[in-house]
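Asker: need the 3D shape of this:
(2 chains)
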Amino acid sequence: MVTVETKHSELNKYVGKKIDLENLKEILFNLGFDLEHAEGDELKVDISAERSDLISTQGLARALRSYLGLKVQDYKIEKSGNKVIVKNMIGEWPYAVAAIVKGLKFDDEKIKEVIRIQEKLGATFLRHRKKGGLGLYPLEKIKFPITFTCLDPKKIKYRPLEYPDIITGEEVLERHPTGIEYRHICENWKRLPVFIDSSNTIMSMPPIVNSHDMGKITENTTDVFVEATGLDLKTINIALQVLVGALIDMGGKAYSIDIVYDNKKVVSPDFTEEKRTIKINDVNKVLGTDFNSKEVGKLLEKMGYKVNSSNESFLKINVPGTRSDIWHDVDVIDDIARAYGFNNFELRMKPVSSIGGTRPSVVIKEELTKLMIGLGYQEVFTLILSNKQDQFENMNIQEFNHIDLGGSAEKTLNMVRVWLIPELMKCLMHNRSLEYPQKIFEVSEVVIPDDSKDVKSRNVLRLACISCHTNANYTEIKQILDHLMNSLGLKYKIREEEHFSFIPGRVGRVSVDGKDIAYIGEIHPKVISNFGLELPIVALEINLTDLFGLDY
Amino acid sequence: MDIKRLINKLHPLERKIIPLLGKYKDFDELVKNSGLQEVQVIKAVSDLEYKNVLKLNVEEKKFVVLSDKAKNYKELPERTVIKNLNSDLISLDQLKKKTNLNDIEINVSVGLLKKGYLVEVSRSNGLCVKLSEKGKKEGDKKSEEEELFSKLLNERLNLSDVDKNVFELLRNRGLVSLQLVKDRRIILNDLGRELTKSNLNIDLIDQVTTEIIKDKSWEKKSFRSYDIKVEVPRVHSGRLHPLQETINQIRRIFMDMGFQEMEGPLVETAFWCMDSMWIPQNHPARDVQDTFFLPYEGKIPTKLAKKVAEMHETGGKCGSKGYGYKWDEKLAKELLMRTHTTATTYRYFGEKNVKAPCKYFYVSRIFRNEAIDATHLPEFHQSEGFIMDEGLTLRDLMGYIKEFYNRMGVYKIKFKPTYNPYTEPSMEAIGYNEQLGKWVELINSGVFRPEALEPYGINVPVIAWGLGVERLSMMLHEQKDIRKVLGVTGDLNWFRNAKVIKKW
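Answerer: A predicted model of the protein is given here:
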């Protein structure tokens, strides 16, 4: 989601028609966007991150004009004959596109608007400048041709935006706020990209920051040089189109720039529209409709496509150059559905014959849950992610093999749990103030490392239950085990075992058919204290995956 | 009520105190003489009040008592001061030594005496004081405050019997305070009076015992009648977790509609979780801050990975442009905690080779690298279902979602287009929740993209929808804090008392 901030009055102005708030809300909903916030004239519209063409008020207005059936003018670009020479670039940042826009009347509001579009594109469509960066410069200071090249960071010397001194490229990354914010992008670059004009003045150091002297737009600026640079030519061209388009809609006149590479020349901005042939049959097959080509054509135009020609089985169309989200005909078909209105479709439910059913693990969980509830135990749901402190240390045992989390936003989490009892202990800790007895259980997965699996681990279904009250003792928990095993028709054996989470001599390992499947016993007072508890606790944990030979 | 029936109903405790009621009207007296604990008497009296036998009048009384500080005095400090003065000037320090009073007491006392013109103060040679003419004559006369003080030395006084001003004066000096006392009096009515005179010593059966049943002694005796409207302590049964109730409901709906349940690993490769369904390798969802990437490398199916790579790079043969970047096998091998159950759907596409026509569903745990607050947890449950068959369309997806919703008890629904990387068209379904009186967004859905199907040789439409289970459950239970639902902070009290959601 990207939030576009705009003004209702501005939007109406660019649409050329008054759309009241209710109406706007409905249109946006039908298009799949949200009027997230409206207060007075201020609007906030949520659009999907793929629709970079809607990031500006002007772009949004064009989409609305199409939708309302109003004419949308093509952008006209004249030749300027000016050049940007690209040479000696690094592989990480090889491309540049540029344009000139003249006759702008910048006031404070407009400068803010342009910066907003530039920043929004950078943050969303260009993925925080990782895919590309945009720059604007007052035209009057620039002497063409411009060179786009790469230099040793120590040899780049200029005064970055709003900075008091001339510093080197290296220092920009160390000291300038924008440098610090974005330096991770060019972390391992040996040389850094720069724009230099023909008087050998550094204009900027993309994608980091412009020169204060060459690249600062003021209220007196009327003509601008606009550039986009980056890793992917298609992406930066779209970003440039969005920005130049908005500047044209603001009243500017745009001129192209020749981008001269060692082996080729490219004219930018490239507003060429992609041509596609859409089969009516495909449309109806996806949507379940019986649209004819005339109807489809109308719906396409509503979404900003141009229909060049059509017959009853297909349409030849142009996709707007700013659309970066059309990979396949289904993307165009999706737009047809939006134009038609999702809520106008007649619902249908084609019968699809299949037999319902579930998995053994789910049935086992269900059956054991029933038994536990019958025994008066309350089901709980703890997290699968846990931490070493609780899983091992607080349980008074040595750390053993487990899946580590690489890093976590929640500091208390650093591993995937390997057993359930510690989680149930924590659950009691958080519910200390409630009435006792507290008897809780969980049937859920733990994750055990397993190198034979493609995911280096496997889910293991466990049942754990604990009982906590003044008289909790081994007999009580053995009764639970007894009841479960009897109900399942299983014969089990218990042998003495050493396990430091439990009281010595009061802990057993349970086996069925020679397979060890459970621990049972009285929790050690030390462990009880570690979890801030004060009453006796008895516990049982059964490995259901091993007991029943489940495959996940 | 008929007195016989009433007697029959009396609890042993009531029986014990009724004979005393004629004698003791004061509740505290009654307790003292009953030989019972106060709680027992409270219960008996309030039960009797409920039976319209008596009325317990509770009056709050305010008494004036001496404060702890004042209890140490035999007389008020000003009296001690005046006793130690005569017509000669004496410095305050000397006075202090003579009276054993502290600075504050001396100052207050001298101030008070001066106000009453009983002493004269001189500052010529340090602060000195002596008795005034008036003081010599009237110094022995007790002030109103002193009168009250001496009374209070013997007993507490009803506030209404004390002069307001005098009380305030002493209270401001911290010498007296108010004591609130509940005065509880039992007032018998006619029935009650009759009851106290009645013979309560009938032999009634209380708890039925094996003996009574066996020896048939009940034939000759009566059973004590119980107050069947009595409030009883809450019992805590074993129960399903409210979330499991919701999960079961969802599972049941899916199975009723002919869906088969899936199962898959919690730890996944990025391949199955993302690449397999055409999520580009630079997609924001793959950022470290959203996903738990694990410090291990997994294995990916080589042949399939090749097809998937081609789909990312050039779009394969399904008519797609592809993303036009170089697909990196290393990124696909990264292990992570799965971020959605669609990872398992794709294992069914790619490993179990499910064939049309079929319907599958899954409800299970997924993970997002988020800090915990009232609306976010690093893990929660997702439910999803897909249908694979010839001829399925967007309209069918809408139809199935409506059916699914209807079975959840939501009848009014709207669709809103949205964007998902692996479905197109994609939409959200918004349902009108009657209970909350508003539209809520619950379901995300779509028609799988050709790029996300071709590697698995699936050439028929697949429609799918998914929803967050916690969100649904919390909506049904009007629970606002997800921490009380899932995790060790789960609120046991809520689990014990949660309402059963209407599903019929």
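Asker: what residue in chain B comes nearest to chain A?
Answerer: Per Cβ to the nearest Cβ, B:Thr393 is where chain B lies closest to chain A, at 2.9 Å. Quick note: C-beta positions are derived from backbone N, CA and C, even for glycine.
Asker: model confidence score at the residue nearest to that residue when sequence neighbours are not counted, please.
Answerer: If the residues on either side of it in the chain are set aside, B:Thr393 comes closest to A:Gly288, at 2.9 Å by Cβ to Cβ, 6 or more residues apart in numbering or on different chains. Listed pLDDT for A:Gly288 reads 97.
Asker: with B:Val440 instead?
Answerer: For B:Val440, pLDDT reads 83.
Asker: next: B:Trp504.
Answerer: pLDDT at B:Trp504 comes out at 66.
Asker: repeat for A:Leu243
Answerer: Reading off the model, A:Leu243 has pLDDT 94.
Asker: show me the contacts for it.
Answerer: A:Ser56, A:Val114, A:Ile117, A:Gln118, A:Leu121, A:Leu134, A:Leu136, A:Val226, A:Ala228 (Cβ atoms under 8 Å, 6 or more residues apart in numbering or on different chains).
Asker: okay, the residues you listed in TSV with pLDDT, secondary structure and distance to A:Val72 next?
Answerer: Shown next, in TSV, are these (pLDDT from 0 to 100; DSSP: H, G, I helix; E, B strand; the rest coil; distance: Cβ to Cβ, whole Å):
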residue	pLDDT	secondary structure	distance to A:Val72
A:Ser56	92	coil	14
A:Val114	91	helix	21
A:Ile117	93	helix	19
A:Gln118	92	helix	23
A:Leu121	92	helix	21
A:Leu134	94	strand	24
A:Leu136	93	strand	25
A:Val226	96	strand	22
A:Ala228	96	strand	23
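Asker: which of the residues you listed lies closest to B:Lys97?
Answerer: A:Gln118 (85.9 Å; Cβ to Cβ).
Asker: what about the closest one, how many neighbours?
Answerer: 23 (other Cβ atoms under 10 Å in any protein chain shown).
Asker: surely it and A:Leu136 touch.
Answerer: Yes - judged on Cβ atoms under 8 Å, A:Gln118 makes contact with A:Leu136 at a distance of 6.8 Å.
Asker: would you mind listing the buried residues in the host helix or strand of B:Lys136?
Answerer: Using DSSP states H and E, B:Lys136 maps to helix B:133-138. Neighbour-count burial for helix B:133-138, counted by 16 or more other Cβ atoms under 10 Å in any protein chain shown, picks out B:Gly135.
Asker: which outside residues touch that helix?
Answerer: By Cβ under 8 Å, 6+ apart, the surrounding residues in contact with helix B:133-138 are B:Ile82, B:Leu85, B:Ser87, B:Leu113, B:Gly116, B:Tyr117, B:Leu118, B:Val119.
Asker: pLDDT weak spots in chain A?
Answerer: Low-confidence segments of chain A, defined by pLDDT under 70, span residues A:552.
Asker: domain ranges for it, per the record?
Answerer: What automatic domain parsing lists as the domains of chain A is A:2-67, A:77-268, A:274-343, A:360-548.
Asker: redo those as TSV? Include distance to B:Glu454.
Answerer: Formatted as TSV, the domains of chain A follow (distance: least, Cβ to Cβ, whole Å):
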stretch	distance to B:Glu454
domain A:2-67	21
domain A:77-268	23
domain A:274-343	11
domain A:360-548	22
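Asker: for A:Asp451, give me its contacts.
Answerer: The contact partners of A:Asp451, by Cβ under 8 Å, 6+ apart, come to none.
Asker: er, B:Glu297 I mean
Answerer: B:Glu297 makes contacts with A:Lys456, B:Lys333, B:Glu334, B:Leu335, as judged by Cβ under 8 Å, 6+ apart.
Asker: run a quick neighbour tally on the nearest residue to the third one once chain neighbours are set aside.
Answerer: For B:Glu334, the nearest residue in space outside its immediate sequence neighbours is B:Ala270; the separation is 4.5 Å by Cβ to Cβ, 6+ apart. Residues near B:Ala270, counting by other Cβ under 10 Å, number 25.
Asker: can you give me the helices in the stretch 301-450 of chain A?
Answerer: Counting by DSSP state H, counting those that start in this stretch, the stretch 301-450 of chain A has helices at residues A:329-340, A:360-374, A:388, A:421-430.
Asker: sorry, that was for the stretch 101-250 of chain A
Answerer: For the stretch 101-250 of chain A, the helices defined by DSSP H, counting those that start in this stretch occupy A:108-123, A:169-175, A:177-182, A:233-249.
Asker: export the ones you listed to TSV and tack on distance to A:Asn344?
Answerer: As requested, the helices of the stretch 101-250 of chain A are exported to TSV (distance: least, Cβ to Cβ, whole Å):
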stretch	distance to A:Asn344
helix A:108-123	32
helix A:169-175	54
helix A:177-182	46
helix A:233-249	30
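Asker: just say which of the ones you listed is most tucked in.
Answerer: helix A:233-249 (a mean of 23; mean count of other Cβ atoms under 10 Å in any protein chain shown).
Asker: skipping adjacent residues, who's closest to B:Gly22 in space?
Answerer: Using Cβ to Cβ, 6+ apart and skipping residues adjacent in sequence, the residue nearest B:Gly22 is B:Thr196, 4.3 Å away.
Asker: what sits against that neighbour?
Answerer: Neighbouring residues of B:Thr196 by Cβ under 8 Å, 6+ apart: B:Ile18, B:Pro19, B:Leu21, B:Gly22, B:Leu188.
Asker: surely the residue of chain B closest to chain A and A:Asp282 touch.
Answerer: No - the criterion here is Cβ under 8 Å, and B:Thr393 misses it with A:Asp282 at 11.5 Å.
Asker: element containing the residue lying closest to B:Thr423 once chain neighbours are set aside?
Answerer: Excluding the flanking residues, the one nearest B:Thr423 by Cβ to Cβ, 6+ apart is B:Gly446, at 2.4 Å. Counting by DSSP H and E, the element that carries B:Gly446 is strand B:438-448.
Asker: show me where the stretch 451-552 of chain A has its strands.
Answerer: A:457-468, A:493-496, A:502-512, A:515-523, A:537-543 (DSSP state E, counting those that start in this stretch).
Asker: who wins for proximity to B:Ser320 among those strands?
Answerer: Per Cβ to Cβ, nearest to B:Ser320 of the strands of the stretch 451-552 of chain A: strand A:457-468, 33.9 Å.
Asker: would you mind naming what in the stretch 451-552 of chain A lies close to chain B?
Answerer: Within the stretch 451-552 of chain A, the positions adjacent to chain B are A:Lys453, A:Asp454, A:Val455, A:Lys456, A:Ser457, A:Arg458, A:Asn459, A:Tyr552 by Cβ under 8 Å from any Cβ of the partner chain.
Asker: so who does B:Ile212 touch?
Answerer: For B:Ile212, the contact set (Cβ under 8 Å, 6+ apart) comprises B:Ile205, B:Trp218.
Asker: what sits against the residue nearest to B:Asn52 when sequence neighbours are not counted?
Answerer: Counting by Cβ to Cβ, 6+ apart, B:Leu191 is the residue found nearest to B:Asn52 once chain neighbours are left out, at 6.5 Å. B:Leu191 is in contact with B:Met1, B:Ile3, B:Leu6, B:Asn52, B:Val53, counting by Cβ under 8 Å, 6+ apart.
Asker: how about the secondary structure of B:Leu191?
Answerer: Following DSSP: H, G, I helix; E, B strand; the rest coil, B:Leu191 is assigned to helix.
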